[in-house]
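Enquirer: pasting the structure only:
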């Protein structure tokens, strides 16, 4: 967004980019009891890998790319469960059902199309991968850091600030379903280290960090204005 303003000719003496912050008390790793309960509720076996896709059914989010990646991935790693949530992400949506069939995904016990979900942390806590396959329009996708704060590994296409947000804790892919499936597989092979990296970065995701960044900006602007006033007075 900052770069877009600059290209549009919006002049600014100073330009700052502050990443969104999330509630890390809410988005946190799950307890054994929480994880067991969520897996049981969804019918996911205790040891099954889980890929979560939190997005509305919209061309911007490219759900077809996610579904094609899921179809490719299940051939590589059978037994993986795919959890989709967001407006329109349900088998009751004829457009979703048709797109799933076209993508090679049929209704099954391993594909959980949940629609709108009130308790996202519970899903992120059972996730190994939090996926984003957006084609355009993203700024700083919250699902990536919300998932990471719960211990999941972000795997995302290169949209908006996504690559910046997952640096050091996740994987950036092209818009190719096979490459995305391979990235998910690689993450599952390296889960312990990647989970540790995500959890070690939690403090950078929080609202306290965001508020501190805003405070620094305000102080910087006030200091610059004060210096200007002194210069004018002199």
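Expert: Alright, I've got the coordinates. Predicted, not measured: the structure shown is a model, and the values here were computed from it.

Enquirer: show the contacting residues for residue 97.
Expert: Contacts for residue 97 (Cβ atoms under 8 Å, 6 or more residues apart in numbering) come out as 91, 107. Yep, even glycine has a C-beta here, placed from its N, CA and C like the rest.

Enquirer: name the helix or strand for it, please.
Expert: According to DSSP states H and E, residue 97 maps onto helix 94-103.

Enquirer: give me the next element, helix or strand, following that helix.
Expert: strand 111-113.

Enquirer: which strands and helices sit next to that following strand?
Expert: With contacts defined as 3 or more Cβ pairs under 8 Å, 6 or more residues apart in numbering; DSSP states H and E, strand 111-113 has these neighbours: strand 81-85, helix 94-103.

Enquirer: again, 10 Å this time
Expert: Secondary-structure packing of strand 111-113 (3 or more Cβ pairs under 10 Å, 6 or more residues apart in numbering; DSSP states H and E): strand 50-54, helix 63-76, strand 81-85, helix 94-103.

Enquirer: tell me which residue is most central in the chain.
Expert: Compute the mean C-alpha point of the chain, and by Cα atoms, centre = their mean the closest residue is residue 144, 2.0 Å away.

Enquirer: gap between the helix or strand containing that one and the chain center?
Expert: Using DSSP H and E, residue 144 sits in helix 142-149. Taking Cα atoms, centre = their mean, to the nearest Å, one finds helix 142-149 lying 5 Å from the centre of the chain it belongs to.

Enquirer: likewise for stretch 92-102?
Expert: With Cα atoms, centre = their mean, you get 23 Å for stretch 92-102.

Enquirer: list the buried ones in it?
Expert: 93, 96-97, 99-100 (16 or more other Cβ atoms under 10 Å).

Enquirer: repeat that for stretch 162-173.
Expert: Those would be 162, 165-166, 169-173, for stretch 162-173 by 16+ other Cβ under 10 Å.

Enquirer: including pLDDT, secondary structure and distance to residue 21, could those go into a markdown table?
Expert: Formatted as a markdown table, these follow (pLDDT from 0 to 100; DSSP: H, G, I helix; E, B strand; the rest coil; distance: Cβ to Cβ, whole Å):
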| residue | pLDDT | secondary structure | distance to residue 21 |
| --- | --- | --- | --- |
| 162 | 96 | helix | 16 |
| 165 | 94 | helix | 12 |
| 166 | 97 | helix | 16 |
| 169 | 97 | coil | 16 |
| 170 | 98 | coil | 18 |
| 171 | 98 | strand | 23 |
| 172 | 98 | strand | 22 |
| 173 | 98 | strand | 26 |
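
Enquirer: can you lay out the residues you listed as a markdown table showing distance to residue 201?
Expert: Output for the buried residues of stretch 162-173, formatted as a markdown table (distance: Cβ to Cβ, whole Å):
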| residue | distance to residue 201 |
| --- | --- |
| 162 | 15 |
| 165 | 10 |
| 166 | 10 |
| 169 | 5 |
| 170 | 10 |
| 171 | 14 |
| 172 | 16 |
| 173 | 20 |
